[in-house]
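*Asks:* Provided below are the primary sequence and the corresponding predicted coordinates.
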Amino acid sequence: MMFNRNRGLTEQAAETAVDTACRMLRLPTIRAKFPELAEAAAREQMSYRGFLAELLMAECDDRARRRSERRIKAAQFPRDKSLREFDFDANPSIDPAVIHTLASCEWVKKGQPLCLIGDSGTGKSHLLIALGTEAAMAGFRVKYILATKLVNELVEASDDKQLSKTIARYGRVDLLCIDELGYMELDRRGAELLFQVLTEREEKNSLAIASNESFGGWTKTFTDPRLCAAIVDRLTFGGAIIETGTDSYRLARTRAKAEQASVG
């Protein structure tokens, strides 16, 4: 399609031309915001360069937002959790400065591990998802999965002779978030398959785990002592360990609500 570049275009014809051009060039944000921004530019007597910059920045910002949304969706988090929602006052065991430093995602860039250790209800899964979300927003490829689901998937892949392909797929993401590690005992085969995933990612791509067991109790999950030690080594070497404590603030909050209801 050729555009008629007649200088005598009416306002309506100009808007139609902009709309058509934006469709052809796939600029949906400029197409949607052009009338509003054009009016603002006229009111503020903006220069042509300034107006063009506003249009292009609006398109770039919206594309960045859509890319972030796609990466967050691809991570398959079970629910939305953010650092802004985390109640640091309710859990004094967690240093906000450390968490906000981790939110810069420098550790993901360097391929370092992160371990969140603590009892149920202390916020470790919240932090795991929130930090994973920060990484996705920063442009990293992230994948979240429960430990038992990952092991089951690896066992099935091994049975179907697809193990190397599956391990490579988990090795490619920039940050692999494994939740609820330590909740269930793994047989030797499952533990060895999980160890292969950890080895594939070692010192290349980041791994973050959440566990309700301290490392000393991991022999209940990984019953082979040597394999357990090797796994702990893979998860802790050069990384950060955040202990979320033993007092469930989720339980405390539930009790407080129940007490308020009974008083009311």
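*Replies:* Received, thanks.
*Asks:* which regions of the stretch 151-264 of the chain sit below the pLDDT cut-off?
*Replies:* 248-264 (pLDDT under 70).
*Asks:* can you pull out the strands in it?
*Replies:* Using DSSP state E, counting those that start in this stretch, the strands of the stretch 151-264 of the chain run over residues 175-181, 206-211, 240-245.
*Asks:* same deal with the stretch 1-150 of the chain?
*Replies:* Listed in chain order, the strands of the stretch 1-150 of the chain (DSSP E, counting those that start in this stretch) span 114-118, 142-146.
*Asks:* Nearest to Asp224, out of the ones you listed?
*Replies:* Asp224 lies closest to strand 114-118 among the strands of the stretch 1-150 of the chain, at 20.0 Å (CB to CB). For glycine as for every other residue, the C-beta is placed from the backbone atoms N, C-alpha and C.
*Asks:* ok so, going back, turn the strands of the stretch 1-150 of the chain into JSON lines, columns for mean pLDDT, distance to Thr244 and mean neighbour count.
*Replies:* Formatted as JSON lines, the strands of the stretch 1-150 of the chain follow (pLDDT from 0 to 100; distance: least, CB to CB, whole Å; neighbours: other CB atoms under 10 Å):
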{"stretch": "strand 114-118", "mean pLDDT": "94", "distance to Thr244": "3", "mean neighbour count": "23"}
{"stretch": "strand 142-146", "mean pLDDT": "97", "distance to Thr244": "18", "mean neighbour count": "21"}
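*Asks:* for this protein, what's the longest helix?
*Replies:* If each helix of the chain is counted by residues according to DSSP state H, the longest one is helix 48-75.
*Asks:* in that helix, what counts as buried?
*Replies:* Within helix 48-75, the residues scored as buried using 16 or more other CB atoms under 10 Å are Phe51, Glu54, Leu55, Ala58, Glu59, Asp62, Arg71, Ile72, Ala75.
*Asks:* closest to Asp89 among the residues you listed?
*Replies:* The nearest one, if we look at the buried residues of helix 48-75 relative to Asp89 and count by CB to CB, is Ile72, at 26.7 Å.
*Asks:* Look up how far Arg70 lies from the closest residue to that closest one other than its chain neighbours.
*Replies:* Once flanking residues are discounted, Ile72 sits nearest to Ala136: 4.7 Å by CB to CB, 6 or more residues apart in numbering. For Ala136, the distance to Arg70 equals 9 Å [CB to CB, to the nearest Å].
*Asks:* what does Ile145 give?
*Replies:* Applying CB to CB, the value for Ile145 to Arg70 is 18 Å.
*Asks:* just so I have it, where are all the helices in the stretch 151-264 of the chain?
*Replies:* For the stretch 151-264 of the chain, the helices defined by DSSP state H, counting those that start in this stretch occupy 163-172, 188-201, 225-236, 249-263.
*Asks:* burial of Leu193, as a residue count?
*Replies:* Neighbours of Leu193 under the rule other CB atoms under 10 Å: 21.
*Asks:* contacting residues around the closest residue to it other than its chain neighbours?
*Replies:* Spatial nearest neighbour of Leu193, excluding adjacent residues (CB to CB, 6+ apart): Leu154 at 4.0 Å. By CB atoms under 8 Å, 6 or more residues apart in numbering, Leu154 lies in contact with Leu163, Thr166, Ile167, Gly190, Leu193, Leu194, Gln196, Val197.
*Asks:* List only buried entries from those.
*Replies:* Neighbour-count burial (16+ other CB under 10 Å) is assigned, among the contacts of Leu154, to Leu163, Thr166, Ile167, Gly190, Leu193, Leu194, Gln196, Val197.
*Asks:* any idea which of those is closest to Pro35?
*Replies:* Nearest member of the buried ones among the contacts of Leu154 to Pro35, counting by CB to CB, is Thr166, at 49.8 Å.
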